[in-house]
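Participant: Need a 3D model of the sequence below.
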Amino acid sequence: MPVAPLYFPPQYAPPQAPISHELGQRPAPPVTRNNLTTLKPQPQAPIQTLQKPYLGFQDLANVAPADVLVVLAHPDDEIFLSGTAAKLAKEGKRVQFVYATNGKAGEDVSGRGFSGDILGVERSFEASRALQKLGVNRPPMILDFMDGETGNFPEALKEQLRAILLHTRPQTVLLFNAENGLTGHPDHKNVSSFVDDVLETVAEGKSARDRADQNKLGDLFNSGGVYQASLSETAFRHFRLFFPEDNPSWQGLQAVYDSTVTLRTPIDPELSKIKALSHQQHASQYRSEDFAQMQRFYQQYPYEEFIRYQIKRQPAPRIQP
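Facilitator: Residues are numbered from 1 along each chain as shown. Presented below is the predicted three-dimensional model:
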């Protein structure tokens, strides 16, 4: 039987019965164009007129401790766990987001013609607005790594992630599935794997530095509160109804066995609306139909799913007399 996480409220505990391939007693209503809210990108004011709403690694000293640390590769990756983040924020949890890149290597689909550094700044602003819609009022941390190249600088990225973990001292960490990156994107797999590597290194406590850092991350180790966002087989089948395999944005999507999912956050209609409004802020990355299709998916399959990643702290080595 799955173990309820220590630092999540009771409603986040996984169901006692095995997760079935059906949606059980809560069938989703049929999705039609009559009951679907059409979402359209809303271009914001020119970025030059706005105050910087995000922090870099150099601003770490200005970041307050957090109950929940969300570590992702790109602005917009939160769409698969935004409902959980919104719930935690509403319940008073201090939620801090960290993105390893700003997405400047991507394409602007909004028609505004942003590219390079300008696109990266715009996507940083979009991320900030998206988190505000979730009720996360802290500015995100956006690190200065190039998207698509996180695997080229593993030690530098690990050191920054370690510093952020030690500074914020979270009780819970949310990230993507490290094995498949949820979408198969190398950056997703790299960032999650690097966080896992850092935590495993500290947990092993082989060096004096690691043993000292164990104490700083005591709440995280004691709760085992690392949760990897994933798509179960059932969720995957629903997702493919709206995003077929020939959709270039989602060709690498990968599922996990239903039996491995240990936590499901229900996405009720109110939370679905919040997720949609947050997603809508990423106007440079998604077209109107993409917004609508993602909303259809979460109406049809109203859950976010996670695998609990257990970290076991090793006892300090005994000193022989």
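Participant: Please, where are all the strands along the stretch 201-321 of the chain?
Facilitator: Taking DSSP state E, counting those that start in this stretch as the test, the strands found in the stretch 201-321 of the chain are 226-230, 263-266, 303-309.
Participant: Just say which of those is most tucked in.
Facilitator: strand 226-230 (a mean of 26; mean count of other CB atoms under 10 Å). Backbone N, C-alpha and C define where each C-beta goes, glycine included.
Participant: what angle sits between it and strand 303-309?
Facilitator: 140 degrees (axes from the mean of the first three to the mean of the last three CA atoms, to 10 degrees).
Participant: Tell me which residues are up against strand 226-230.
Facilitator: Strand 226-230 is touched from outside by 5, 80-81, 172-178, 180, 182, 192, 195-196, 199, 220, 255-256, 260-261, 263, 304-311, with contacts defined as CB atoms under 8 Å, 6 or more residues apart in numbering.
Participant: quick one: the strands in the stretch 1-150 of the chain?
Facilitator: Applying DSSP E, counting those that start in this stretch to the stretch 1-150 of the chain gives strands spanning 68-72, 95-101, 141-145.
Participant: As TSV, those with mean pLDDT, mean neighbour count and distance to Tyr298 would be great.
Facilitator: Converted to TSV, those look like this (pLDDT from 0 to 100; neighbours: other CB atoms under 10 Å; distance: least, CB to CB, whole Å):
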stretch	mean pLDDT	mean neighbour count	distance to Tyr298
strand 68-72	98	26	18
strand 95-101	98	26	20
strand 141-145	96	21	26
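Participant: okay, and the helix or strand of the chain with the least pLDDT?
Facilitator: helix 218-223 (a mean of 86; mean pLDDT, DSSP states H and E).
Participant: Are there helices or strands packed against it, and which ones?
Facilitator: strand 172-176 (3 or more CB pairs under 8 Å, 6 or more residues apart in numbering; DSSP states H and E).
Participant: Please identify the helix or strand for the closest residue in space to Glu179 that isn't next to it in sequence.
Facilitator: Excluding its sequence neighbours, the residue lying closest to Glu179 (CB to CB, 6 or more residues apart in numbering) is Lys189, at 7.3 Å. Applying DSSP states H and E as the criterion places Lys189 in helix 186-204.
Participant: tell me the angle that helix makes with strand 68-72.
Facilitator: Helix 186-204 runs at 140 degrees relative to strand 68-72, counting by the same axes, to 10 degrees.
Participant: could you pull out the helices for this structure?
Facilitator: Secondary structure of the chain (DSSP state H): helices at 82-90, 116-133, 154-168, 186-204, 208-216, 218-223, 233-242, 269-279, 288-300.
Participant: residues making contact with the first one?
Facilitator: Taking CB under 8 Å, 6+ apart as the criterion, the residues outside helix 82-90 that touch it are 8, 12, 67-68, 70, 78, 95, 97, 130-131, 134-137, 174, 265, 267, 271-272, 274-275, 278-279, 298, 304, 306.
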